[in-house]
Each structure stands twice: as structure tokens, then as C-alpha cells.
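Engineer: Predicted structure and sequence below. I'll ask about it afterward.
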Amino acid sequence: MNSSEPSTPAGSQLLTSAEGMVLHWTNDAEQWLGFSNGEVCGQSFHELVIPHECQPLHLRRMRQAIADGAVIYENVLRRRDGMTFWAELRAERLGDQGSEKVTLSWQIQDTTQLRLLRESKLIRDRFRDLLQVIPGALMLVNATGQVVYANRSTETMLGYAKGRLSGMPLQDLVSSDHDLSVICLQIAASDREASETLAQKHTVSARRADGSGFLSQLTLNVFDAAEGVFWLAFLSEETVVETQVTTSLSKPSTDHLEHEIREAILQSAVAQTSADHPSFGLRQRPLLLIVDDEECNRQILNMHLGASFEVREASNGADALLLAVQERPDIILTDIMMPIKNGLELCRDLRASEITRETPVIMLTAMADQGMKLDCLAAGASDFISKPFSIAELSLRLRNFAEMRRQKMELAAQKSQIEAALKDIQEKDTLLVRQEKLASLGRMSAGLIHEINNPLNYALQGLHILKQSARQLPSAAAADFSEVLRDVEEGVNRVARIIADLRGFTRTTHQSQLLITEIQPIVQTALRFFSHAWKAGVELRLDVPLGLKIRADVSQLVQVITNLVKNALDAMRIKDYAQGEPQRLMIQGCCQNSRIRLSVRDNGPGMTEEIRSRIFDPFFTTKDVGKGMGLGLSICHSIIAEHNATIDVHSVPGEFTEFVLEFPSPESNNPG
């Protein structure tokens, strides 16, 4: 070392300025990182050897070393060849803080293997914890067929005390047509590909501790661990739990096993209904989830906050996410720097889940710099509290967040109730307006029918006489005379059809005879009127099961179905279909939620929302003049209402129209 180089303390491997520029690089540093002293002097240490995503942590620790005099932390370093490794970095400040000659002395120690050992132990402990909460009985069986581990569900199912199953032969717990101990030995002597083919399920007779037995199914899955080959044995009284998990605890593929098991538990938790989890308002105290990898910190927080909150604890972000889905806490208090899944990752995962998206998350950390605060808020944190903190302040903030969450949930519940009530009022209002229109039209029509019907009969009789008289006219004049008579007769007949429709519209409820009857014969009767349509190529799909019954007036229901089918056929005639696409009519019937459902669906042109909203109004029609009065669907609506049933229409323009009739079951319907 020449006199211009700075002196390097014993054990130090490099010196940097307060800004992180390399001042000196020893042979040890060159051995660790592959760069020579001449290559790195004057270069930024963190930009040279620290991956970009890890640089913010290094810069914070560097500032901490300048402020406090020393710091020890772990980070990822990158060698010259691009390989990365975990290292422990020890920084010591040389010179007084604030002076122009402040430098940092650094020592680097490769901790990759040590970290792998720590993570392996954590994974093993977590794996055992996960097995405990898996629904269903599960055992870990070694290659000789002995039980190494059994979860609580297994002990409960078989009636054994805690820990008593360890060391017992699997053959003593279940009997099978196959020798399970032999199968377990086969797996130990097989290569991996062959062993996977041996994994299978067996019908067995399981034996409880009291000697009783029950029929069960046993599923064996290969489990390849560093200590050897094992079986994961799932025992089920009813159905087989088929969870394929294969991993090695000696390498990073352990993540696959944890992922499979954890996903199964998360899916099970999500599938539970909200009724299984008491809402905030039903709890005596808000539920608080504390997440910290230091047990003493959790104990202290629990001791101070336990009086105001019902507390759950987790030691890392991964376990906290599982608890949050299962327990649905009202508020989460989490540390940031944790193994497995840190606080920022936990917060992002919580915000990504619909179940926990609205749960307040409070972050605790000793790193109070602006960058960390922004990272927390960007991850979705509700608040940020720096260590050391006041217990009184923390408790007050948590109570405020819990109260805001309670009020928010109450407002959401009230909003849902108001929206449901408003929708119900709107539907009833629409129904009342429509019924009033129909009632008014009925009263008016009843008077018109009588006044029009008598003159109409006179006109029909006069036409008959004129037809007879036409025979006495000269042949030259008879043709024109007969043509005029046909036009007059067509007009009179149209008036007669209108009167007939109005007469059907004004019928009274007491005329209906509601009897229990099958739907299929009624539908078949209505379809006979349209046999020409099926012969012309209209595709009919009928799915109304025999035995499906309602309480109905048969003639009136035939009238309704006939009208719906006729409208569908008329609509399909005006649509231009693609090559090879047929006109299709589907009629389906089923029992759904204690109600009888009958639908008539066509693949015609559909209808717009504006038309759909008016489709049951009297005299509203989309047909050409002379081809419809617009009373058919109004009459159908009135008939269905008398049956204590409902009629609704669903449509997508250009695709389909579907009319849905829903009747109460014949047993619950009131015929009166």
C-alpha cells in the first residue's frame, strides 16, 4: 500500500466515503466479489455490487451507520460474474459525524448457507404447523411404514391421545387387501419416477384406539425429504382428500409444498360462508391481528392491548395472511422486517384479496425515513407508526380505526338495505301502475264491447245478404262487387277479432278454474297450433319433464303459451340468420327454489331495453299495422297474475328473447 492510500483497519475489506464511493478495496474484497482495487476505486459501491431492488435498503443502513457509528445487516450482493449471494455487512464509521473526513469501514461475510439453514428450520416448523390446521386426518409415514407424525384430526378420528400415534405401524391402524408396509418399502427402493406411479388410494378398515372400526379411504402420496422418502397419508371417513404434494425440504422446492398446502387451506377458508364468521357488530371486542417475528414484541403488545381487543398473533406475513382469511380481523398491526413474507408483501396480498381488502393495516417499524413511509402507503397501509412508540398513542389509534371500521360496516349494511328496499318499491310501483292501466282498460273495454257488438252483428248479417244478392248481378259487375264485399268483410272480421281480444281481456278472476295439472300436456296442446312452423324448418327444443305440476286454468295457460310461441315465430321471421344457423325455439320447465319455472326462448332479433320496459303495456306493439293490437302480452300478464305467478322477459338485441314464467308450487299456491 503506498502512502496515498487510506489506512484500512484490521479485518476491514473495503473503505467507502460517506456517499458510498469506494476508497480502498482489499484482496479479501476482491476474493468475495471478483473486482480488483484498481477497477472499483472511485466507483459507487452500491451501484457496482448491489442489485437495484436492494439498493434502497443499503442506502438506509449506510446513513444509519453514519448517524449511530455502526450497523450490521443482511443484503444481497452481486459478484462480477453476475452471481448473487446473501451476505452480512458490518459497517463502522471512521471519524466524527459531520466532519469532512467521515469514512465507512466494511466487512463482508457470505451468509447464504447460514440463511438456508435458518429458512429450512422455519419451513420445517411451519410445515408442521400447516399440517395441524389442514382439514382431514393426515399422517407422515416413513419408508418402513411407521407413523412419524399425525395431526390433531387424525388423533381425534382414531381416538388417540396427543403424540401416541408416533412410531406406530400404519398396518396397526388400518387393514387393507394390500400389505401397506410392503408398499412403503417398495417406495424406498424405487427411483422417483417409479415411486410416483405407486401413489394411490386404498379402501381400508380403520381401527380406533377403543378397538372399534369403520370403513375409510386412504390416499398415499410421495413425500421426498432430505432425510429420505416418506408418505403423506390422508385418511377420510367419507371422501378421499386428493392433494398431490411432492417436494424436498433440503432445497428451495419446499416452496411448492407450502404453496400447495397453504392454497388448499385458503380455498377452504374462502369457501366458508360469512355466517361462520361473526361480524364486527356481534363481537364483544374488535378482533386485532398482531404480526411480528419477535415473540417478546407480540407478548408486550398483547399484554397492553388485550383489554381493548380480542387478539390473534402471527410470526410472519405468510401465516398472517392465512389467519386474516380465516378469522377476518377488524384491524391488523404488523411489523415490516419479517422472514418468509415481510410486512409490505403482506399488505399487498391483503389488498389483493376481496375478503381482506377493506381491513385497516397499521405498519410498525424502526426505519422512519420518508422512503419507507412512502413504500408502506404505496403497499396499501392505512397508517404508519415509528418505533419506539407510545402504547397509549398506539392504543388510541387502533381504537379509532376499529371504530371507523365499525361505522363503515354499519353504513354498508344500511346502504344495502336501502338499495334493496328502493328496488322493491320501484318494482311494486311499476306493477301497480301496470295493474291500474289494465284495470282502467278493462272497465272501459267492458262498456265498449256491448256498444260495438250489436252493430257488428248487423254488419255481418248485411254482408251475408249482399253476398246472396251478388249472384243476381251481371257477370261484368259481379267481379268488382265481390271484391268490395271481401274488403268490407275483412275489415268487419278485424273488428270482431278486436272485440274477442277485449272480451278475453275483461274476464274476471272468478271465471278461472285453478286445478293442479301437469305442464307438459298444456305445452303440447299449444304447440299443435304451429305444426306448420316445425315442418317449415323451425328447430324446436322441448325440455319439460313429466310430472312437473302447477295449479292453473288449463285453457288460459294454453292461451298464454300460444301467444308467446306465436310472438317468437313472428320475431324470428324478420331476422337474417347466418349460413347454416336455424330458427330455434326452446321451451324448458323445471323446479327451482320451490317454484315452478317455465321459459320460452327464441334466437330471434331480440329487443332493446326501451321496448322491453313497455312490452306488457296495453296496445303497445312492434308489429306492422293490421298485424297486432298490442293486447296479447297484456292479456298474458293479467292471466299470470291471476295464477299468483310472475312473468318476466330477458333479451339481448341480435341474440335472443326469453320469457320466464314462475309459478308457486301447487302445494303452496292458494287457489282462492
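Structural biologist: All right, it came through fine. Numbers count the residues shown, from 1 in each chain.
Engineer: only C-alpha atoms for contact and neighbour calcs from this point on.
Structural biologist: Will do.
Engineer: Quick one: neighbours of the nearest residue to Asp28 once chain neighbours are set aside, just the number.
Structural biologist: On the basis of Cα to Cα, 6 or more residues apart in numbering, the spatially nearest residue to Asp28 that is not a chain neighbour turns out to be Gln13, at 5.9 Å. If you count neighbours by other Cα atoms under 10 Å, Gln13 ends up with 19.
Engineer: any idea how far Met83 is from Gln13?
Structural biologist: Computed as Cα to Cα, to the nearest Å, the Gln13 to Met83 distance reads 20 Å.
Engineer: Tell me the first helix or strand C-terminal of the lowest-mean-pLDDT helix or strand in the chain.
Structural biologist: The helix or strand with the lowest mean pLDDT-type score in the chain, counting by mean pLDDT, DSSP states H and E, is helix 192-198 (a mean of 43). Toward the C-terminal end, the helix or strand that comes next after helix 192-198 (DSSP states H and E) is strand 201-207.
Engineer: low pLDDT regions in the stretch 351-500 of the chain?
Structural biologist: Residues of the stretch 351-500 of the chain that meet the criterion pLDDT under 70 lie in 366-369, 427-450, 498, 500.
Engineer: just the helices in it please.
Structural biologist: For the stretch 351-500 of the chain, helices defined by DSSP state H, counting those that start in this stretch occupy the ranges 370-379, 391-469, 475-505.
Engineer: quick one, which of those is nearest to Ala641?
Structural biologist: Go through these one by one with Cα to Cα and the one that ends up closest to Ala641 is helix 391-469, at 9.5 Å.
Engineer: Give me the mean pLDDT for stretch 76-84.
Structural biologist: Stretch 76-84 shows a mean pLDDT of 82.
Engineer: what about dumping the CA coordinates of that stretch to CSV?
Structural biologist: Output of stretch 76-84 as CSV, limited to C-alpha atoms (Å, rounded to 0.1, in the frame of the first residue of the first chain):
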residue,chain,number,x,y,z
VAL,A,76,-27.9,-9.4,-1.4
LEU,A,77,-24.6,-8.8,-3.2
ARG,A,78,-23.7,-9.3,-6.9
ARG,A,79,-20.3,-10.7,-8.0
ARG,A,80,-18.5,-9.6,-11.1
ASP,A,81,-19.8,-12.8,-12.9
GLY,A,82,-23.4,-11.8,-12.2
MET,A,83,-24.0,-14.4,-9.5
THR,A,84,-25.7,-13.1,-6.3
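Engineer: What's the end-to-end length of stretch 150-163?
Structural biologist: In stretch 150-163, first residue to last residue: 8 Å (Cα to Cα).
Engineer: cool, stretch 382-391 as well?
Structural biologist: The distance separating the two terminal residues of stretch 382-391, taken as Cα to Cα, comes to 18 Å.
Engineer: Quick check: buried residues in that stretch?
Structural biologist: For stretch 382-391, the neighbour count (16 or more other Cα atoms under 10 Å) marks 382-385 as buried.
Engineer: repeat for stretch 394-412
Structural biologist: When neighbours are counted by 16+ other Cα under 10 Å, the buried residues of stretch 394-412 are found to be 394-395, 398-399, 401-402, 405-406, 409.
Engineer: now swap in stretch 467-486 and tell me
Structural biologist: Judged by neighbour count (16+ other Cα under 10 Å), stretch 467-486 contains these buried residues: 470, 485.
Engineer: do the same with stretch 354-363
Structural biologist: Judged by neighbour count (16+ other Cα under 10 Å), stretch 354-363 contains these buried residues: 356, 358-363.
Engineer: rewinding a little: with distance to Gln556 as new columns, can the helices of the stretch 351-500 of the chain be given to me in TSV?
Structural biologist: As requested, those are arranged in TSV below (distance: least, Cα to Cα, whole Å):
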stretch	distance to Gln556
helix 370-379	64
helix 391-469	17
helix 475-505	10
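Engineer: Among these, which comes closest to Phe35?
Structural biologist: Comparing the helices of the stretch 351-500 of the chain against Phe35 with Cα to Cα, the closest turns out to be helix 370-379 (30.6 Å).
Engineer: Give me the distance from the closest one to the chain's centre.
Structural biologist: Relative to its parent chain, helix 370-379 has a centroid offset of 29 Å by Cα atoms, centre = their mean, to the nearest Å.
Engineer: what's next to that helix, contact-wise?
Structural biologist: Counting by Cα atoms under 8 Å, 6 or more residues apart in numbering, the neighbours of helix 370-379 from elsewhere in the structure are 344-345, 347-348, 363, 383-384.
Engineer: ok, 10 Å please
Structural biologist: Residues lying outside helix 370-379 but in contact with it, judged by Cα atoms under 10 Å, 6 or more residues apart in numbering, are 56-57, 60, 336, 343-351, 361-367, 380-386.
Engineer: Return the set of buried residues in it.
Structural biologist: Here helix 370-379 shows 372-373, 376, 379 as buried, counting by 16+ other Cα under 10 Å.
Engineer: May I have it as PDB, with CA atoms only?
Structural biologist: Coordinates of each C-alpha in helix 370-379 appear next as PDB, following Å, rounded to 0.1, in the frame of the first residue of the first chain:
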ATOM      1  CA  GLN A 370     -39.500   9.200   4.200                       C
ATOM      2  CA  GLY A 371     -38.800   6.400   1.600                       C
ATOM      3  CA  MET A 372     -40.100   3.700   3.900                       C
ATOM      4  CA  LYS A 373     -43.200   5.600   4.700                       C
ATOM      5  CA  LEU A 374     -44.000   6.100   1.100                       C
ATOM      6  CA  ASP A 375     -43.300   2.300   0.500                       C
ATOM      7  CA  CYS A 376     -45.800   1.500   3.200                       C
ATOM      8  CA  LEU A 377     -48.500   3.800   1.900                       C
ATOM      9  CA  ALA A 378     -48.000   2.600  -1.700                       C
ATOM     10  CA  ALA A 379     -48.400  -1.000  -0.500                       C
END
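Engineer: Adjust the sequence numbering to begin at 23 for everything that follows.
Structural biologist: Okay, residue one is now 23; in that scheme the one you just asked about reads as helix 392-401.
Engineer: Can you give the strand pairings for the helix or strand harbouring Leu37, parallel or anti for each?
Structural biologist: Mapping Leu37 onto the secondary structure by DSSP H and E places it in strand 36-39. In the sheet, strand 36-39 lines up against strand 44-47 (antiparallel), strand 125-132 (antiparallel) (DSSP bridges).
Engineer: That strand: how far from the chain's middle?
Structural biologist: 54 Å.
Engineer: How about stretch 52-64?
Structural biologist: Computed by Cα atoms, centre = their mean, the separation of stretch 52-64 from the middle of its chain amounts to 53 Å.
Engineer: Next, the distance between the ends of that stretch.
Structural biologist: Stretch 52-64 has an end-to-end distance of 15 Å (criterion: Cα to Cα).
Engineer: Show residues contacting it.
Structural biologist: Contact partners of stretch 52-64, identified using Cα under 10 Å, 6+ apart, comprise 35-39, 42-51, 70-71, 99-106, 130-132.
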